[in-house]
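[1] Just to be clear, the model below is a prediction. Sequence and coordinates:
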Number of protein chains: 2
Amino acid sequence: MTSLAEENYLKAIYKLHEKNGSMVTTSALAETLGINAASVTDFIKKIAAKKLISYQKSKGVTLTDKGRLMAINIIRKHRLWEVWLVNNLGFKWDEVHDIAEQLEHVVSDELIENLDKHLGYPKADPHGDLIPDAKGRFAKNTSKPLTECNPGDKVKFTGVADHSIAFLQYLTKSNIKLGDEINIEAVETYDNSFQVKINKKETKLLSKEVVKNLLVVQA
Amino acid sequence: MTSLAEENYLKAIYKLHEKNGSMVTTSALAETLGINAASVTDFIKKIAAKKLISYQKSKGVTLTDKGRLMAINIIRKHRLWEVWLVNNLGFKWDEVHDIAEQLEHVVSDELIENLDKHLGYPKADPHGDLIPDAKGRFAKNTSKPLTECNPGDKVKFTGVADHSIAFLQYLTKSNIKLGDEINIEAVETYDNSFQVKINKKETKLLSKEVVKNLLVVQA
DNA sequence: ATACATAATTAGGCTCACCTAATTTTATTT
DNA sequence: AAATAAAATTAGGTGAGCCTAATTATGTAT
Ligand SMILES: [Mn+2]
Ligand SMILES: [Mn+2]
Ligand SMILES: [Mn+2]
Ligand SMILES: [Mn+2]
């Protein structure tokens, strides 16, 4: 019924919509999926015929309610598996994405509900991304990039905007973990770097590239 | 490199060889895989070209060392996942096979080694089937069908010869579990049924169909 | 040994999910 | 508005893994 290709397309459309808003273009999909644009045009016609997306020729696509629910369900599975891999199997947060990319396609509602229960109904995955419930509902996300904060603010590190292995390993090396308290001591106007104190102990200097990829909530 | 189809063929060849000995025929493969014999002929030529099987035209196929190792690795993964599903996720032994059929194809050596460790290096799966180690080695299997035992024998129930959901559920309903002690009180010569005592408590009458599918070791 | 039944292979074709090259549509410059 | 660049689509084609129908090989019965 639902192929691997179809699931990957729906997820990619969902994520691109989330990132850029509005319509998802053929070229953006081709880029993220690593597939030729001509092939993408073919495929989106097929899933548009199945009412999973609505397709405006030469404009782009958006998910239908049905398609969105399917995309969210795959994301739910991906994130639950990532939690399991880190919390139960001892993987690091930079090691789990590719394995979860495979596990997310395993089909069994009972499996996912049992996994969710086994994990204690986690709210977020190892990267701080929120896990939707079985009906596709997300909790309200109150996080924002650290760049939007000011000297004197006390915040909590809750997620990453950049999921690359390089960034995750940089944070690990720098001893910065999800849940850490960050106090902003100063912002350098010349290069937009932040001087922060982590967990009231270590003082660190974070470049603007790092700061914009740290998601935080007001403590 | 290795496709889903290829893994399923190798596993099917391995299991048919284990069950019937000698060469595996095209028709046997077609039957177990639910694929047309003509398609099987096509496919076995391809994997023979890859040196995963040796193929004697119109006779049948056998696994090469390389192919056997790959088949055993898939079986290892299948059985480890089944252990996890039963021991950690709360599934019953009759519910896990189809999910494991999917999970066995997930590719990550690290994942499987971490799973094995997490499970405490189990020796057998929920149906009593032995789990090969990472190098493809099986422990010596000393079990035999209960049919081969005699009145007065004390044995331990260690595995099933029939993995069907119907048989597994029959055993569950009859309150017979892996590890149970079975004392053979009498064998009825008319219909080859066995009168047994389970765990020194309940006396039960088992038909010859049941008895031949119960694998036991001498206690 | 011949006839018949069964198993296996060959020949030709299909769908899925991709590709390249050519063409058309849309957006941006001049 | 015309020229140019970029994006999208159309046209035609490929390999993987399946199919059916026809043919050939093998095994069994007479
Ligand atoms: Mn991920
Ligand atoms: Mn994640
Ligand atoms: Mn199984
Ligand atoms: Mn099993």
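    Structure's in. What do you need? Ligands and ions are numbered 1, 2, ... in the order given.

[2] and residue A:100, what are its phi and psi?
    The phi/psi pair for residue A:100 (degrees, to the nearest 10) reads phi -70, psi -30.

[3] Go ahead and confirm it touches residue A:81.
    Yes: between residue A:100 and residue A:81 there is a contact under Cβ atoms under 8 Å: 4.4 Å. Backbone N, C-alpha and C define where each C-beta goes, glycine included.

[4] buried sites along the helix or strand hosting residue A:183?
    Assigned by DSSP states H and E, residue A:183 falls within strand A:181-188. Along strand A:181-188, these residues count as buried under the neighbour rule (16 or more other Cβ atoms under 10 Å in any protein chain shown): A:181-184, A:187.

[5] Redo those residues as TSV? Include distance to residue A:159 and pLDDT.
    Formatted as TSV, those follow (distance: Cβ to Cβ, whole Å; pLDDT from 0 to 100):
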residue	distance to residue A:159	pLDDT
A:181	15	98
A:182	13	98
A:183	18	98
A:184	17	98
A:187	21	97
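
[6] average pLDDT for the longest helix seen in chain A?
    Taking DSSP state H as the criterion, chain A has its longest helix at helix A:65-87. Averaged over helix A:65-87, pLDDT sits at 98.

[7] ditto for stretch A:111-118
    Averaging the model's pLDDT scores along stretch A:111-118 yields 98.

[8] Need the nearest residue in space to the residue nearest the centre of chain A, chain neighbours excluded.
    In chain A, the centroid-proximal residue (Cα atoms, centre = their mean) is residue A:129; its distance is 5.2 Å. Using Cβ to Cβ, 6 or more residues apart in numbering or on different chains and skipping residues adjacent in sequence, the residue nearest residue A:129 is residue A:79, 5.9 Å away.

[9] The residue in chain A sticking out farthest from the centre and residue A:208: what is the separation?
    What lies farthest from the middle of chain A is residue A:190; by Cα atoms, centre = their mean that is 30.9 Å. Residue A:190 sits 11 Å away from residue A:208, going by Cβ to Cβ, to the nearest Å.

[10] Could you verify my assumption that residue A:27 touches residue A:36?
    No: if you go by Cβ under 8 Å, residue A:27 and residue A:36 don't touch, sitting 10.5 Å apart.

[11] What is the neighbour count of residue A:135?
    9 (other Cβ atoms under 10 Å in any protein chain shown).

[12] An error on my part: the question was meant for residue A:22.
    10.

[13] And the helices in chain A, which stretches?
    With DSSP H as the criterion, chain A has helices spanning A:4-20, A:26-33, A:37-49, A:65-87, A:97-103, A:109-118, A:165-173, A:208-212.

[14] Between these, which one is closest to residue B:217.
    helix A:109-118 (31.9 Å; Cβ to Cβ).

[15] Quickly check: stretch A:63-83 near DNA strand C or not.
    No: judged by Cβ under 7 Å from any atom of the strand, stretch A:63-83 stays clear of DNA strand C, getting no closer than 14.0 Å.

[16] about what we covered before: residues contacting the strand holding residue A:183, please?
    A:146, A:149-157, A:193-200, A:203, A:214, A:216, A:219 (Cβ atoms under 8 Å, 6 or more residues apart in numbering or on different chains).

[17] In strands, which of these appear?
    Using DSSP state E, the members of the contacts of strand A:181-188 that fall in strands are A:154-157, A:193-198, A:203, A:214, A:216.

[18] Looking at those, which one is closest to residue B:46?
    residue A:214 (50.2 Å).

[19] Number of residues surrounding the closest one?
    28.

[20] and if you look at residue A:120?
    Using other Cβ under 10 Å: residue A:120 sits among 9 other residues.

[21] what do you get for the one 4 residues further on?
    As a burial measure, residue A:124 scores 17 neighbours (other Cβ under 10 Å).

[22] check contacts around it.
    So residue A:124 contacts A:79, A:130-131, A:158-159 (Cβ under 8 Å, 6+ apart).

[23] Enumerate the residues of chain A near ligand 2.
    In this structure, chain A approaches ligand 2 at residues A:82, A:125, A:127, A:129, judged by Cβ under 5 Å from the ion.

[24] Greatest separation within these: which pair is it?
    Spanning the widest gap among the residues of chain A next to ligand 2 are A:82 and A:129, at 8.5 Å by Cβ to Cβ.

[25] where's residue A:1 relative to residue A:50, distance?
    Residue A:1 is 10 Å from residue A:50, by Cβ to Cβ.

[26] okay, now the domains of chain A?
    The record's domain split for chain A, according to automatic domain parsing, is A:4-63, A:72-140, A:144-218.

[27] Out of the ones you listed, which is closest to residue B:94?
    domain A:72-140 (12.9 Å).

[28] end-to-end on stretch A:201-219?
    16 Å (Cα to Cα, to the nearest Å).

[29] same question but for stretch A:148-157, I mixed them up
    Note: stretch A:148-157 ends 13 Å apart using Cα to Cα.

[30] Please apply the same query to stretch A:56-71.
    First residue to last in stretch A:56-71 (Cα to Cα) measures 20 Å.

[31] For residue A:112, which non-adjacent residue is closest in space?
    Spatial nearest neighbour of residue A:112, excluding adjacent residues (Cβ to Cβ, 6+ apart): residue A:77 at 5.7 Å.

[32] Does the one you found touch residue A:102 like I think?
    No: under the criterion of Cβ under 8 Å, residue A:77 is not in contact with residue A:102, lying 10.8 Å apart.

[33] ok, those two, which is more surrounded?
    Counting neighbours by other Cβ under 10 Å for residue A:77 and for residue A:102 shows that residue A:77 has the greater number, 23 against 18.
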